[in-house]
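A.B. asks: Here is a sequence with its predicted model. Questions after.
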Amino acid sequence: MNNKNLYLPEMATIQEVIEETHNIITFRVTLNNQEAMKNFSFQPGNVGQLSAFGIGESTFVINSPPSRMEYLQFSVMRSGEVTSNLHTLKAGDQIGVRAPLGNHFPYEDMKGKDIVFVGGGIGMAPLRTLLLFMLDNRSDYGKITLLYGARSPLDMAFNYELQDWLDRDDLDTYLTIDAEFEGWKHNVGLIPNVLLDIAPSAENSVAITCGPPIMIKFTLQALEKLGFKDEQIVTTLEKRMKCGVGICGRCNIGSSYVCKDGPVYTGAQLKELPNEL
Amino acid sequence: MALVKYLKSTDLKSWLAELAQENRVFAPRYEGEAVIFAPFDPEQEIFIKYAATAPPKKTVFPQSERLVDFMYSKDPEDLSRIKIEAQEVLPQGTAVVFGGRPCDVRGFTMFDRVYMAEEATDIYYKARRDNTSFITLACDATENTCFCHWVNSSPSDPTGSDVLAIPVEGGFLLKAVSDRGETLLTSQLLSAGENRVEEGERVCKEVADSLSQAPDLANSPKKLLEVFDNIEFWQDVSAKCLSCGTCTYLCPTCYCFNITDETQGMKGSRIRSWDNCMSALFTMEASGHNPRPTKAHRLKNRVGHKFSYYPDLHDGVISCCGCGRCIKSCPAGVDIREIVLKAIAFEPTVVEG
Amino acid sequence: MKFQKELKDSIRKALPELDVVIGWCGSFDPLHATPHFIRREEDIEKLEIGPLSVHNLATYLPGLRGKKVGIVVKGCDSRSVIELLQEKLIARDDITIFGFPCTGVVDQAKIKKALGYVGNVESCDMSDKSVVIVAAGKAHSLELSDVLADKCHSCRYPDAIISDIFVGDKSGEAVPAPADYEALATFENLSLPDRFGFWLKELDRCIRCYACRSACPLCVCRDHCAAESREPHWLSQENNVRDKLMFQVIHAYHLAGRCTECGECQRACPVDIPVLMLKQKMNKEIRDIFKYEAGVDPEETPPLLSFKMEEENITEKDW
Amino acid sequence: MKIGVFVCHCGSNIEATVDTAAVAAAAREFPGVVFATDTMYTCSEPGQDEIVEAIKEHNLGGVVVASCTPRMHEQTFRRTVERAGLNKYLFEMANIREHVSWIGKDREANTNKSVDLVRMATEKLMRNRALHPKKFTINKRVLVIGGGVAGIQAALDCADGGLEVVLVEKTTTIGGKMAKLDKTFPTVDCSSCILGPRMVDVAQHPNITLYAYAEIEEINGYVGNFEIKVKKKATYVDWKNCTGCGICMDKCPSKKARDTFNEEIGFTKAINIPFPQAIPKKAKIDPEFCTMLKKGKCGVCAKVCPSGCIDYEMKDEFVTEKVGAIVTATGFDLFDWTVYGEYGGGRYPDVITSLQYERMLSASGPTGGHIKRPSDGKEPKNVVFIQCVGSRDKSVGRPYCTGFCCMYTAKQAILTKDHLPLSQSYVFYMDIRATGKLYDEFTRRAMEEYDTNYIRGRVSMIYPKGDKLLVRGADTLMGTQVEVDADLVVLAVGAEASAGASGLAEKLRISYDSYGFYMEGHPKLKPVETNTAGVYLAGACQGPKDIPSSVAQGSAAASKVLGLFSKDQLESDPQVSMVDIKRCIGCGKCIQTCPFGAIKEIDFRGMAKADVIETICQGCGICTSTCPQGAIQLQHATDNQILSEVNALCQF
Amino acid sequence: MPVLEGKELRIVGFLCNWCSYGGADTAGVGRFKQPTDLRIIKVPCSGRIDPLFVVKALMNGADGVLVSGCHPRDCHYAEGNFYARRRLEIMHKFLPILGYEPGRFEYTWVSASEGQRWQQVVTSFTEQIHKLGPAPKILGPEASDTLGLMQAAL
């Protein structure tokens, strides 16, 4: 048996805070224990619990790829007590990290296939991990398409690397916002509609989508229209979590614990689970 | 054959006092009109006439416990540089629990599969579980709410226990059921018990026989999933539920918890406390979205977890020990047996044409 | 009960217009009843009213807002209905109230105390005066009055104060004598340290299940109770007696001038903590200061939600 | 949050009994505090600069200043932190001067207490949020309540400043108490000669709408947007067409109507115009005395009125006015002196009030300016003036000094001599209070040039002796008993709050003192503001005042209004309540208890929820303490903020 | 921790901003000497004071709680102290059932000009609390933690 304390966070230091949007910030953190940092290993899609000591913990995906290990990156959208508190932290501040937790994207199974990323808002965070990972292992994958949408350009995270993605020859990047905005040169329209316009081929493809529930719902419908089968679709789920290790009991959908067995699910797996999202 | 001893009723307190020299000893006590487990106190009567109102769950899984203490300290050179130390608070010492019933103690085995899983072990739970011995009292009578025999157990089931105490004439027949149990039975107060084994077996059999025929619940995992989307079914069975936490907190197998932080000045603690899947807050997300917004959804999860999801993950073992506390203590008289049977019996109405 | 048939008939008549009628029926043993939600004609037959009809069904009303609900009420329950109407938490037009002349309900804790463990209950017969319980083949006999709930002994409103359909004969006018709070007075004879110690000792076994709150017909915050919120953060989730007692004070204060002393909080408590006494204390003071009784007039305003420029019965400290 | 703590010495005011350096040192140990220091004068320019610099250097997210009371300098420091780019609500004060250093000398205990207060402030500060005011437009019209000299001044100043003014007067004419005066001290100017033209200005000013014989029925809304319901009481005369010719009054057969303008020295007609210079000069029927209204017989006035204005069927009428600010100038009333048995309790006709005497002195008054004893119409020889009647007297519940009686008594003594050169005036006084410009000189003239006999002492008894009144009192300077055979006794009756003051205060939501005078915003620094934004005070409604002070306040109130209206939009105080819509169950208890009607029920996805109207909310927090689940929270005084202060103090 | 051992008891005051806090200021300006035990929490209005704050303070270890607002009819918010009076009175009457002496908590009215009255109130309340001595305290998570010590004290 493993005698590691499941609940004891590793102390870490915030190296950098990036203000992404008015309500999203990104932390780049390193574990204080250098040995632990050096040995830290994870898979794209794994999540971690960040501690605001005195307030509580909250779950975020590690959105830097395992291929880049100078720091671990987490993006935090302000919504509740914990995230509001995390938003007050600055570079140099201490933070608790419990990671990696959960499952990961089945990137091995995706080798040799065309990849379609569809991300909405903060849902871009998990996709970023896998995208960067695939770009770092570019030859393993076929054509890669990215569709990233947000309410407005002001709500678009990872602004600083979007141009690089747009410029790359080995990546087809599409950006979209919900409504016209002065100076916006990319698509305007809801993600599912833009997706149908781009119409990526389902042939030998995998679609990975993440975003707010309503976007997911319509994106799945759009993907279906484009001929994607359930097993060709991958998404991530969100639930209220506490322990992060499948014990505390709240994040289950039937017998699957999103914190431990998820957060990554294929469309086919989702169909197997009871309907309780 | 395992070690068997006899204890006179009149020596019970003395024996527990002996055990209390090395261990924290818990025994049932009568308070208000309730029977609860409390630290053994020779001044207080040990109440074993019937099963305790609250099971001894808290002896291994306390109502709340500090998981991590954290302390802030400032760098005197630069007060904005704050060091945070997080320190685990592991339970210490050994304990003996006397007077739990077979259902109560078997409940811990439901915890064990989750808390002491190979890939992730809860060391807080494990520390207590490994250091707590159970001298379990076999039942010599049953109540209307008892249904341990529905869930593959019996009034004298020793699963999870270290010693099984069977009430016999003038005292108890003590049967060691684990190695640890044997070490508990070394007191001079105990006499040989072999000559009473037969009497003990008779007591157990009589009680077992007094129970009515148990229904077959093998189908429950499948049937509960079948009614998952039938919201009317769940609204119907949950109508009288008040969404309180009595059933979960009194349940020997309910193991869900919450984690909250409390601070005062420069220090604080991360606390684990019992949580309750019947509460709306249990699954309420920061955004306000709640995947289980009504008591129908929540009761569905509670019943589903015990009779479907858990068995699905753990070789068909139902995560219910049949103690009946959730029925007996429910302020609205919700009866989980009724719900499970109803689900098993449920046949979707075929719409003709 | 003799008017049970009449009640069933009137429910049968009203049911087509209603989504549900809430009453009581038999439960897991003959000694207990349970709330009964009548949606279909065939559910009516199971209805049973009598001394086991302990539950205050008004608790369910706020959760059924927007539905057409019929509810069977004892006199005391009707006061909760009035209070809910007063606070506009239910709409009068949406509910149909079935009243009956209540002759008192039992206190299960008293039965438990009187009989101890009885084993399997096989039958329970309640006549006007006595209770005969057969359990594990043995008959136990009790005086009904010995096991009636305390509130029934000092009941002033045996008939529903408000009802649309009343079956049976009303037992008469409300008994005018005010509740005398005898038990409270006895408790208040204790010294202050003894009272302090009493509450700590009693609350110590609280499991924080909040059944007291969930069963309370006037705890209308439900999912948003201050007990578990962090904003405001009144209580920690730790298992400590301070927070347990603090919650009981919060509960009592939030009910001040609203509580009708139906006793559901205490009845629901699985570990039998005498939490009703705190509410009774509030009510007694409210009665003495404001001459006010909750749950008798749907047009009234609870005293803590109103004021007078001159308060006749408040004497302020003279420094 | 990174917090900076500044502990002020306040020179030696704090430092003398509090070890400020030790407080700062203790503060450095508190959670969040990254910088703490003690400073000589934190409120001084260098002190404030130090805060600004520290905010920048240490990247502070909040500041605590431990110094004087926040009532003194909270605004100052809020501006300071704002200057450094912080939101001004990320600031807290610990009051270690008024509440610590000034009330005890135990340095250890004071230091220890100061540390606690700073700890509380930091704990609260950590839960503060940046708050941002909302802007709203204002209705640049002003309501002036009361048409005495203060109200007239305020109305004219506002109107001249270009504002539309609504002036509401309770009686049928403006002019107030000043219009009743004969002369004014210390210049002995003719009162109506100086007031009259201003009254005419009011009548003629295009920006002023005058409602005379009207009262305030209802006030709703908030600063910038009040809505006023005015009750125009029935006069039974159509004022639109009444020319004020006075024929009705001449012909009216009912001659025993109460003449309030003349302080009931004599009677007036049932239909009357109170005095020739009345503004508006319009007739009004007193229904109590009109035989037509009482018995349905007579109708003379209707017959004689050349413009057919009489309307016996007239009813009270209501008009609604929308304004952005309110000036209250409701003046004062006279103390009811008849409680004094020693002065005859009202039984002797020749004991009159100073204001009655004033009417008697006035050439346009009921006696045509002749001083006549009410009892027999004879000219008096010995006139006794008694001061402090209902002033400075605890036994009648009037411990305060009315302030202007000394002066008008001197004036009346002088005028008596002017009217009746052979008369002799006596003044019984307690002290002479003559603190204004040229005032003391004036009282001296009364004594020295007009030979008024000033006797320092109180009158113990007045009783009739033949056709005279024997006034017996003490001369405390001489230590003797004095008796004067008086022909007329004039009582210098003190001022009290006007009869309807408290009722109006409740409509205005302003507070008043135990005597009914309105409370100003600050006794020193906010003399014409009230604690309700947009409501200002002028004149004697705030406390007894002489004419120049009343006029000065009228102008001051007007300048406040003009200042308020110099902006097109106002900012609402963001310390208002906010509803957590997820937690609100829509029970409406907060709506029920809000004194301002600032919470309304809204429909949110089919559920009832409470919603705060930010511009109306005044920030009292009654709703927060009413809501059982704490779903409505007063910003800047939330449950968690107050609980954090409690916990900072009590958690052993 | 923050109390001066043997010298002070822990007294918490809740004062409305407009009257009583000003009254305490006036007392300070007048240099009216007062005991040092009291710590003042400023609230906008006595109507803002949830009587549960009083209970919270006592249960967390305060020895006395004093609430002061504007005199009735003088409330800055017109009605706040009328509500406060009812609510605080009820709590005042309620506390003894928990075992707190009635004098542990008092409420009163002091206006901004009543510096002297404030001095009088603080002095007399502090004396009252000192006369009562330390309030009963809850000393640990379990009842026995407190009860044991109470027993020992007897």
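C.D. replies: Received, thanks. From a predicted model like this one, the values you see are computed outputs, not experimental measurements.

A.B. asks: Chain E versus residue D:375, what's the distance?
C.D. replies: For residue D:375, the distance to chain E (Cβ to the nearest Cβ, to the nearest Å) stands at 43 Å. Every residue, glycine included, has its C-beta placed from N, CA and C.

A.B. asks: swap in residue B:294?
C.D. replies: If you go by Cβ to the nearest Cβ, the gap between residue B:294 and chain E works out to 30 Å.

A.B. asks: Need the phi and psi values for that residue.
C.D. replies: phi -120, psi 170 (degrees, to the nearest 10).

A.B. asks: can you pull the contacts of it?
C.D. replies: Residue B:294 makes contact with B:235, B:238 under the criterion Cβ atoms under 8 Å, 6 or more residues apart in numbering or on different chains.

A.B. asks: try 10 Å
C.D. replies: The contact partners of residue B:294, by Cβ atoms under 10 Å, 6 or more residues apart in numbering or on different chains, come to B:231, B:234-235, B:238, B:243, B:280, B:300, C:63, C:223.

A.B. asks: Kindly report the same for residue D:344.
C.D. replies: By Cβ under 10 Å, 6+ apart, the residues touching residue D:344 are D:337-338, D:350-351, D:461-464, D:469, D:489, D:491.

A.B. asks: before we move on, the earlier item: just the buried ones out of the contacts of residue B:294, please.
C.D. replies: B:234-235, B:238, B:243, B:280, B:300, C:63, C:223 (16 or more other Cβ atoms under 10 Å in any protein chain shown).

A.B. asks: with those residues in mind, which one is nearest to chain D?
C.D. replies: Of all these, chain D sits closest to residue C:223, with 8.5 Å by Cβ to the nearest Cβ.

A.B. asks: show me where chain E has strands.
C.D. replies: E:11-16, E:38-43, E:64-69, E:105-109 (DSSP state E).

A.B. asks: Please apply the same query to the stretch 151-300 of chain D.
C.D. replies: Along the stretch 151-300 of chain D, the segments classed as strands by DSSP state E, counting those that start in this stretch run D:164-168, D:183-184, D:189-190, D:208-211, D:214-222, D:225-232, D:257-258, D:267-268, D:271-272, D:284-285.

A.B. asks: For the third one, which helices and strands make contact with it?
C.D. replies: If contacts are counted by 3 or more Cβ pairs under 10 Å, 6 or more residues apart in numbering or on different chains; DSSP states H and E, strand D:189-190 sits against strand D:183-184.

A.B. asks: wait, what's in contact with residue B:329?
C.D. replies: Per Cβ under 10 Å, 6+ apart, neighbours of residue B:329: B:34, B:53-54, B:145, B:246-247, B:249-251, C:209, C:211, C:268-271.

A.B. asks: Out of these, which comes closest to chain A?
C.D. replies: Checking the contacts of residue B:329 one by one against chain A (Cβ to the nearest Cβ), the nearest turns out to be residue B:251, at 12.1 Å.

A.B. asks: for the nearest residue to the closest one once chain neighbours are set aside, helix, strand, or coil?
C.D. replies: Nearest residue to residue B:251 in three dimensions, chain neighbours excluded: residue B:326, at 5.8 Å (Cβ to Cβ, 6 or more residues apart in numbering or on different chains). The three-state label given to residue B:326 by DSSP: H, G, I helix; E, B strand; the rest coil is helix.

A.B. asks: neighbours around residue B:326, how many?
C.D. replies: Neighbourhood size, residue B:326 [other Cβ atoms under 10 Å in any protein chain shown]: 23.

A.B. asks: Over to residue D:52?
C.D. replies: By the criterion of other Cβ under 10 Å, residue D:52 has 17 neighbours.

A.B. asks: tell me what the helix or strand containing it is packed against?
C.D. replies: Secondary structure assigned from DSSP states H and E places residue D:52 in helix D:45-57. Here helix D:45-57 touches strand D:3-8, strand D:33-39, strand D:62-67, helix D:70-83, going by 3+ Cβ pairs under 10 Å, 6+ apart.
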